[in-house]
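Student: I'll drop the sequence and a predicted model, then ask my questions.
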Amino acid sequence: MRPTRALLSTGLLAGVLAAGMAVALAPTASAGTTLRASAAEKGRYFGAAVATNKLSDNTYVTVLNREFSSVVAENEMKWDATEPQQGRFNYTGGDRLVSHARANGMSVRGHALLWHAQQPSWAQGLSGSALRNAAINHVTQVATHFKGQIYAWDVVNEAFADGGSGGRRDSNLQRTGNDWIEAAFRAARAADPGAKLCYNDYNTDGVNAKSTGIYNMVRDFKSRGVPIDCVGFQSHLGTTIPGDYQANLQRFADLGVDVQITELDVMTGGNQANIFGTVTRSCLAVSRCTGITVWGVRDCDSWRGSDNALLFDCSGNKKAAYTSVLNALNAGGSNTPPPTTPGSPTTPPPSPTTPPPGTGG
Ligand code: G3I
């Protein structure tokens, strides 16, 4: 409620402002004790990849709702899931996840509109302009369906080659012409102007040939007005982390895009907790790093199987890695990223003052 002119003129302004700030700054009941609350205090989201068939698992859902303020579909928004036959779309899994997110105060990352993997078989059989047209139609249809529901889309996933070339990966999409990525970004912007549009990739955890190839593409896109808002760093990590992890995030942020940690998981072992902590501190140190997503909830939910690469054990208990992340989130002062323009989210990460609903904890 706005203070009235009379109230202001009686000299109560200072008191009103002080009261308002007290409300704004008051920690929520669970501030500092869950990933979502602690990340929110720093102006970030903390997310997890979700397999919707696990939303009927009580342990899974309890941890998910208590700890995470963002979700991404591990598979259900990919091309093979959303357009199993050409022109026939299936949004069942994606809609279910969006609905769960809305009910629990979570934002949604969209993953992924175009990728060389997990294409439906009909798309794998196309080439040239038929494939290009089908791919752009896919972007348009899917981004339109989820319009207003997605905080950030991985518009293009994993389009760069591993190794030292710094160039594009060969794929059926790449063979339609080098401009397929920018065409996808333009189509996504037209379909959902409120979503942040990201390029997402792995093995980009430091300054290396692959991350530099992507860096050059982003710089080129920004200079030519191709609509790109963010870069996702998957961060599927082993037993070490490059010393320039944070510097690499920062150089992308300096191009004028947000950065996000999008698929974090770390090989088990002595360094796991430290590496999770380092990633978290690195994100907090980069003002345009808007959030972190781990690629699954419990170790047994992970695509990495016996790597035990996540923050919770198979029973849903917090691991040392969890404590390391939470401590990193709780350390230091507030470091809120600046608001950004196009693609400013229509479903932003929950505000720090919003208590996590349905947490049970
Ligand atoms: O849905 C079918 C099911 O019908 C069938 O019975 C079963 C038999 O194997 O397969 C099921 O599909 C599997 C799907 O996960 C859903 O469980 C696929 O075989 C399997 O390949 C697929 O793996 C996913 C993988 O992407 C595919 O590339 C993982 O769950 C998913 O975690 C992983 O995620 C990727 C990101 O999208 C991009 N970055 C790397 C990351 C890890 O690989």
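Tutor: Thanks, I have it. Residues are numbered from 1 along each chain as shown.

Student: Find the nearest non-adjacent residue to Gly213, please.
Tutor: Gly166 (3.5 Å; CB to CB, 6 or more residues apart in numbering). All C-beta atoms are positioned from the backbone trio N, CA, C, and that covers glycine.

Student: now swap in Phe146 and tell me
Tutor: Phe146's closest residue in space is Gly110 (CB to CB, 6+ apart), at 6.2 Å.

Student: ok so, going back, could you report the neighbour count for the residue nearest to Gly213?
Tutor: Neighbours of Gly166 under the rule other CB atoms under 10 Å: 17.

Student: and the gap between it and Cys198?
Tutor: Distance of Gly166 to Cys198, computed by CB to CB, to the nearest Å: 20 Å.

Student: ok now do whichever residue of the chain sits closest to the ligand, which residues does it touch?
Tutor: Closest approach between the chain and the ligand, counting by CB to the nearest ligand atom: Trp303, at 3.6 Å. With contact set as CB atoms under 8 Å, 6 or more residues apart in numbering, Trp303 has these partners: 74, 295-296.

Student: Before we move on, what's the pLDDT of it?
Tutor: If you check Trp303, the pLDDT there is 98.

Student: Over to it. Which of the three states is it?
Tutor: Three-state assignment for Trp303 (DSSP: H, G, I helix; E, B strand; the rest coil): coil.

Student: Tell me where this structure has strands.
Tutor: For the chain, the strands defined by DSSP state E cover 45-50, 70-73, 107-115, 152-157, 196-201, 230-233, 236-237, 258-266, 289-294.

Student: will you turn the ones you listed into CSV that also has mean neighbour count and distance to the ligand?
Tutor: Formatted as CSV, those follow (neighbours: other CB atoms under 10 Å; distance: least, CB to the nearest ligand atom, whole Å):
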stretch, mean neighbour count, distance to the ligand
strand 45-50, 28, 7
strand 70-73, 25, 9
strand 107-115, 26, 6
strand 152-157, 29, 6
strand 196-201, 26, 8
strand 230-233, 27, 10
strand 236-237, 20, 7
strand 258-266, 27, 5
strand 289-294, 27, 11
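
Student: Any chance of CSV for the ones you listed, columns mean pLDDT?
Tutor: Formatted as CSV, the strands of the chain follow (pLDDT from 0 to 100):
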stretch, mean pLDDT
strand 45-50, 98
strand 70-73, 99
strand 107-115, 98
strand 152-157, 99
strand 196-201, 99
strand 230-233, 99
strand 236-237, 98
strand 258-266, 98
strand 289-294, 98
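
Student: Nearest to Val279, out of those?
Tutor: In terms of CB to CB, the element of these nearest to Val279 is strand 258-266, at 6.0 Å.

Student: Quick one: name the residues of the chain near the ligand.
Tutor: 74-75, 117-118, 157, 202, 234, 263, 303 (CB under 6 Å from any ligand atom).

Student: farthest pair in these?
Tutor: Using CB to CB, the pair of these lying farthest apart is Asn75 and Tyr202, separated by 16.3 Å.

Student: Flag every buried residue along stretch 73-93.
Tutor: 73-83, 91, 93 (16 or more other CB atoms under 10 Å).

Student: Give me the residues contacting it.
Tutor: In contact with stretch 73-93 (CB under 8 Å, 6+ apart) are residues 49-52, 94, 96-97, 110-115, 118-120, 122-123, 134, 137-138, 141-142, 145-146, 295-296, 303.

Student: Stretch 202-214 too?
Tutor: Counting by CB under 8 Å, 6+ apart, 158, 160-168, 199, 201, 231, 233-237, 241-245, 247-248, 251, 263 sit against stretch 202-214.

Student: Give me the buried stretch members for stretch 270-286, please.
Tutor: Using 16+ other CB under 10 Å as the burial criterion, the residues of stretch 270-286 that qualify are 271-273, 275-284, 286.

Student: and these, which of them are in helices?
Tutor: 272-273, 275-284 (DSSP state H).

Student: re earlier: can you add pLDDT and distance to Tyr151 and give the contacts of Trp303 back as a markdown table?
Tutor: Output for the contacts of Trp303, formatted as a markdown table (pLDDT from 0 to 100; distance: CB to CB, whole Å):
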| residue | pLDDT | distance to Tyr151 |
| --- | --- | --- |
| Glu74 | 98 | 17 |
| Trp295 | 98 | 17 |
| Gly296 | 98 | 19 |
